[in-house]
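>>> no sequence for this one, just the structure:
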């Protein structure tokens with residue numbers, strides 16, 4: 001019953017939107033615009049506060065008395081090595097976005113900062129790098145951690161199905177196996193489809209731009225749709241191969257290629273300039289972190305905040321069901337402290353260095369050499385990375401490597417998403433049926449294509465924000481449920497003591 005309800009209802013809702021996008025894309029764009037405007041106007045602040053709450057909650061939990069609790073049985077060991085774990089974390093959590101925005105975002109902020117900062121100034125450049133760190137740093141990973149930590153705890157330590165609804169047992173009890181649980185998991189499917197579609201759309205646009213620059217392939221919408229179709233076939237093949245042979249192999253390969261591209265750019269580019277950017281931006285980030293975490297610029301610059309920070313926070317929240325389930329699946333056997341610190345700080349530091357290398361190199365060309373890359377980044381965002389490579393040795397080789405990296409990140413993100421969607425609509429089956437993975441793979445690529453047709457990049461951003469709103473509340477409640485369950489476990493283990501909770505499993509939840 002469960003599997004049928006969640007699968008059918010989720011599929012019907014998504015297909016209705018797909019059909020609407022095919023036959024009346026303008027209407028779909030108007031609907032998404034109206035809902036987007038209302039959400040940003042009335043609830044935009046909630047994204048900012050929730051993301052900050054998730055970060056504080058994660059760090060406090062890691063260093064609390066619950067930090068030694070295993071995400072699994074007490075004698076379990078992690079299934080994947082640190083390199084394999086970090087590779088899959090990074091590929092699923094950030095991948096395409098970093099390639100797309102690594103050069104383009106700092107240059108966009110430099111050209112068009114909030115109204116109270118003069119564009120194309122030194123202050124604008126410092127602001128651009130600092131907010132690039134902020135948008136891709138601690139809060140995004142904290143959002144992922146809340147979701148994945150909750151799922152991993154209730155699934156692997158309490159023996160419940162690996163579903164988001166399972167995380168609500170302390171609050172809802174047996175009702176998670178009925179209508180309430182169905183609603184939570186259907187919302188998760190909806191958020192996942194549109195969150196992932198945003199990234200797939202960005203990736204397809206940039207792959208198209210790269211092929212246009214390097215090989216002269218027409219940079220048209222038709223070409224982009226063909227690329228989506230081709231890559232869909234690739235990630236379906238990877239999905240059929242399976243998690244260990246498919247996703248893990250591609251993720252490790254991608255990390256190696258990304259590392260080589262990063263180090264080549266670092267060495268060939270303005271190395272000292274990059275290190276200066278990294279050091280100074282890290283200092284400014286640390287100094288102004290609290291202000292950035294709570295600042296909406298309501299008096300001046302609110303439009304900028306809506307277009308960038310609130311979009312990003314909604315995007316990460318929309319991605320969280322997919323990333324959360326996937327990261328939970330690959331994190332079994334780690335302690336809460338190990339999981340939080342590893343998933344929060346390692347990817348964040350790597351991301352900071354990535355933006356320092358690519359964003360810093362672009363800034364050096366813009367500010368020191370007078371090459372107007374910023375104009376390219378603001379008028380044709382997907383081409384910004386390739387425009388920067390044109391000013392370095394082996395530019396065509398670098399562009400081909402970046403295109404290949406985008407394709408593999410596209411494949412790993414979509415592959416992971418089909419795996420997770422299959423799990424969510426199969427009652428938490430850790431080996432979801434191939435048929436469901438194929439269906440969801442086709443559906444999510446179709447949604448990305450429809451959104452591009454109905455309004456391009458802006459439509460993708462609007463749908464991500466719309467999909468994230470209900471999930472913000474769900475994630476706040478997940479914090480409460482996780483803390484309540486950990487506290488209950490401690491009481492059951494040590495009814496008259498406050499000693500460490502790292503003890504044999506006793507479940508207060510239905511198995």
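Alright, I've got the coordinates. These numbers were taken from a predicted model, which means no experiment stands behind them. Numbering: from 1, shown residues only.

>>> name the element the residue nearest to residue 387 when sequence neighbours are not counted belongs to?
Distance criterion Cβ to Cβ, 6 or more residues apart in numbering; nearest residue to residue 387, sequence neighbours excluded, is residue 376 at 4.5 Å. Bear in mind the C-beta positions are built from the backbone N, C-alpha and C, glycine included. Take DSSP states H and E as the rule and residue 376 turns out to sit in helix 373-379.

>>> just to revisit the earlier point, wait, doesn't the residue nearest to residue 387 sit right on residue 385?
No - counting by Cβ atoms under 8 Å, residue 385 is not a contact partner of residue 376; they are 9.8 Å apart.

>>> neighbour count winner among these two?
residue 385 (28 against 22; other Cβ atoms under 10 Å).

>>> Does that one lie in a helix or a strand, and which?
helix 384-389.

>>> Not counting that helix itself, show me its contacts.
With Cβ atoms under 8 Å, 6 or more residues apart in numbering as the test, helix 384-389 has contacts from 99-100, 102-104, 107, 206, 209-210, 213-214, 358, 361-362, 365, 373, 376-377, 395, 398-399, 402.

>>> so where's the stretch 1-150 of the chain shaky on pLDDT?
Residue ranges of the stretch 1-150 of the chain with pLDDT under 70: 1-3, 91-95.

>>> Walking through it, point out its helices one by one.
2-23, 25-62, 82-93, 95-111, 122-135, 138-152 (DSSP state H, counting those that start in this stretch).

>>> Dump these into TSV; add mean neighbour count and distance to residue 179 as well.
Converted to TSV, the helices of the stretch 1-150 of the chain look like this (neighbours: other Cβ atoms under 10 Å; distance: least, Cβ to Cβ, whole Å):
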stretch	mean neighbour count	distance to residue 179
helix 2-23	16	9
helix 25-62	18	24
helix 82-93	22	30
helix 95-111	26	35
helix 122-135	21	37
helix 138-152	27	21
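
>>> Including distance to residue 266, could the ones you listed go into JSON lines?
What follows is the helices of the stretch 1-150 of the chain, written out as JSON lines (distance: least, Cβ to Cβ, whole Å):
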{"stretch": "helix 2-23", "distance to residue 266": "42"}
{"stretch": "helix 25-62", "distance to residue 266": "28"}
{"stretch": "helix 82-93", "distance to residue 266": "18"}
{"stretch": "helix 95-111", "distance to residue 266": "12"}
{"stretch": "helix 122-135", "distance to residue 266": "16"}
{"stretch": "helix 138-152", "distance to residue 266": "23"}
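
>>> Minimum distance to residue 422: which of those helices has it?
Counting by Cβ to Cβ, residue 422 lies closest to helix 2-23 out of the helices of the stretch 1-150 of the chain; the figure is 9.3 Å.

>>> The following helix or strand past the helix holding residue 385: which residues count as buried?
Once the chain leaves helix 384-389, the next helix or strand it forms, by DSSP H and E, is helix 395-424. For helix 395-424, the neighbour count (16 or more other Cβ atoms under 10 Å) marks 395, 398-424 as buried.

>>> quick one: contacts for residue 303?
Residue 303 sits next to residue 115 when contact means Cβ under 8 Å, 6+ apart.

>>> brain fart, residue 326
Neighbours of residue 326 in contact, by Cβ under 8 Å, 6+ apart: 88, 92, 148, 416, 419, 420.

>>> Among those residues, give me the pair with the biggest separation.
Largest pairwise distance in the contacts of residue 326, by Cβ to Cβ, is 14.1 Å, between 148 and 419.

>>> How far off centre is the helix holding residue 385?
23 Å (Cα atoms, centre = their mean, to the nearest Å).

>>> Give the buried residues for that helix.
384, 385, 386, 387, 388, 389.

>>> Over to stretch 70-83?
Across stretch 70-83, burial judged by 16+ other Cβ under 10 Å covers 70, 71, 72, 78, 80.

>>> residue ranges with poor pLDDT in the stretch 251-400 of the chain?
For the stretch 251-400 of the chain, applying pLDDT under 70 flags the ranges 251.

>>> if you set the cut-off to 90 instead, what comes out?
251-259, 297-303, 306-307, 310-312, 314-330, 346-347, 380-382 (pLDDT under 90).

>>> Could I get the full set of helices for it?
Under DSSP H, counting those that start in this stretch, the stretch 251-400 of the chain gives helices at 271-294, 302-305, 311-330, 336-367, 373-379, 384-389, 395-424.

>>> out of those, nearest to residue 38?
When the helices of the stretch 251-400 of the chain are compared for distance to residue 38 using Cβ to Cβ, the nearest one is helix 311-330, at 13.4 Å.

>>> and the closest one with helix 95-111, angle?
If you take axes from the mean of the first three to the mean of the last three Cα atoms, to 10 degrees, helix 311-330 sits at 160 degrees to helix 95-111.

>>> all strands of the stretch 151-300 of the chain, in order?
For the stretch 151-300 of the chain, no strands are identified by DSSP state E, counting those that start in this stretch.

>>> any idea how far residue 122 is from residue 363?
11 Å (Cβ to Cβ, to the nearest Å).

>>> nope, residue 210 is what I was after
With distances taken as Cβ to Cβ, residue 210 is found 21 Å from residue 363.

>>> Ok, residue 66 next?
The span separating residue 66 from residue 363 equals 43 Å under the rule Cβ to Cβ.

>>> and the gap between residue 288 and residue 134?
9 Å.

>>> Residue 359 too?
Using Cβ to Cβ, residue 359 is found at 13 Å from residue 134.

>>> what do you get for residue 477?
In terms of Cβ to Cβ, residue 477 sits 26 Å off from residue 134.

>>> and if you look at residue 96?
According to Cβ to Cβ, residue 96 and residue 134 sit 20 Å apart.

>>> Please verify my assumption that residue 87 contacts residue 254.
Yes - here residue 87 reaches residue 254: they are 7.2 Å apart, a contact under Cβ under 8 Å.

>>> same for the longest helix along the chain, what does it pack against?
Scanning the chain for the helix with the most residues, using DSSP state H, yields helix 434-493. The contact analysis (3 or more Cβ pairs under 8 Å, 6 or more residues apart in numbering; DSSP states H and E) places helix 434-493 against helix 2-23, helix 25-62, helix 138-152, helix 169-172, helix 179-215, helix 221-241, helix 311-330, helix 395-424.

>>> okay if I get the ones you listed as JSON lines plus distance to residue 466?
What follows is the helices and strands packed on helix 434-493, written out as JSON lines (distance: least, Cβ to Cβ, whole Å):
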{"stretch": "helix 2-23", "distance to residue 466": "11"}
{"stretch": "helix 25-62", "distance to residue 466": "5"}
{"stretch": "helix 138-152", "distance to residue 466": "17"}
{"stretch": "helix 169-172", "distance to residue 466": "25"}
{"stretch": "helix 179-215", "distance to residue 466": "7"}
{"stretch": "helix 221-241", "distance to residue 466": "21"}
{"stretch": "helix 311-330", "distance to residue 466": "8"}
{"stretch": "helix 395-424", "distance to residue 466": "18"}
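
>>> Just tell me which of those helices ends up closest to residue 468.
Ranking the helices and strands packed on helix 434-493 by distance to residue 468, with Cβ to Cβ as the measure, places helix 311-330 first at 3.9 Å.
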